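*Asks:* After the sequence you'll find the predicted model.
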Amino acid sequence: MRLFPTLTLAVTLLTGSTGWTFAQRSSADSAFQRNSAFLYADSMTKAYQNSQWENYCRFSHEGIIRYMGGQPRYISYSQRAGDYPPNERAMGVNVVQLVNESNSWQAVVERICDIVIDGKRARVTAYMIGLSDEGGETWKFFEVFEGVLENARRIVPEISDKIRIPQRRIIYLDDPEPLMEPVVGKN
């Protein structure tokens, strides 16, 4: 089973209709960056769920898109990776780590997805890294697995050494006592 991240930003954020005044924020305001990372990750996830591939790519890291062979191949891979009927998947995100590295913000975002695997309900928890060079106002994301972070750094060398990726896991919800099953990422 392969899952790939999905993240887009709602048009309301792009138009500034949320009521936030970006110019009035301090770049040291980590609460803003955490909220912004959450909103971008959540929006990208919704674009993925709704097959809005242009929006999905807008919030995916350019280096990963390039590595995958360009936008059409990246979209094709993403579609195959999450090939589940829309009614069988529900997703949510949570920012679990935020790092500020010399004018660059980075986030680890937990992505939780409820899907059906071989007729069993399962909750998959995976992780994405988000990068922002604009004080946390805009973010680009990509999925990464524990143990392959060094490989990701070859594609995206600006990833901070402070970033920590928890182990991806699957919990089967139909079992009387759900057991966690670790999922090993491919290099």
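*Replies:* Noted; the coordinates are in hand. All values derive from a computational prediction rather than experimental measurement.

*Asks:* C-alpha only now, for contacts and for neighbours.
*Replies:* OK.

*Asks:* Could you give me the buried positions within the helix ranked longest in the chain?
*Replies:* Longest helix in the chain, counting residues (DSSP state H): helix 30-49. Using 16 or more other CA atoms under 10 Å as the burial criterion, the residues of helix 30-49 that qualify are 30, 32-34, 36-49.

*Asks:* Let me see the ranges of the strands in the chain.
*Replies:* Under the criterion DSSP state E, strands of the chain are mapped to 90-101, 104-117, 120-132, 140-144, 169-172, 180-182.

*Asks:* With only the CA atoms kept, save the third one in CSV.
*Replies:* Think strand 120-132. Extracted in CSV, the C-alpha atoms of strand 120-132 (Å, rounded to 0.1, in the frame of the first residue of the first chain):
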residue,chain,number,x,y,z
LYS,A,120,-10.8,-4.1,6.8
ARG,A,121,-11.1,-0.5,8.1
ALA,A,122,-7.6,0.9,8.8
ARG,A,123,-6.2,4.1,10.1
VAL,A,124,-2.8,5.0,8.4
THR,A,125,-0.6,7.6,10.0
ALA,A,126,2.1,9.0,7.7
TYR,A,127,4.2,12.2,7.7
MET,A,128,5.0,15.0,5.4
ILE,A,129,7.7,17.7,5.6
GLY,A,130,6.6,21.3,4.8
LEU,A,131,9.0,24.0,3.8
SER,A,132,8.5,27.8,3.8
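
*Asks:* neighbouring contacts of that strand?
*Replies:* Contacting residues not belonging to strand 120-132 are listed as 5, 37, 61, 104-116, 138-145, 165-174 [CA atoms under 8 Å, 6 or more residues apart in numbering].

*Asks:* Report the beta-bridge partners for the spatially most central residue of the chain.
*Replies:* Closest to where the C-alpha atoms of the chain average out (CA atoms, centre = their mean) is Met128, at 3.9 Å. With DSSP bridges as the criterion, Met128 is bridged to Val109, Glu143.

*Asks:* going forward can the numbers begin at 23, since that is how I track them
*Replies:* With the count now opening at 23, the last piece we talked about shows up as Met150.

*Asks:* how far away is it from Lys68?
*Replies:* 15 Å (CA to CA, to the nearest Å).
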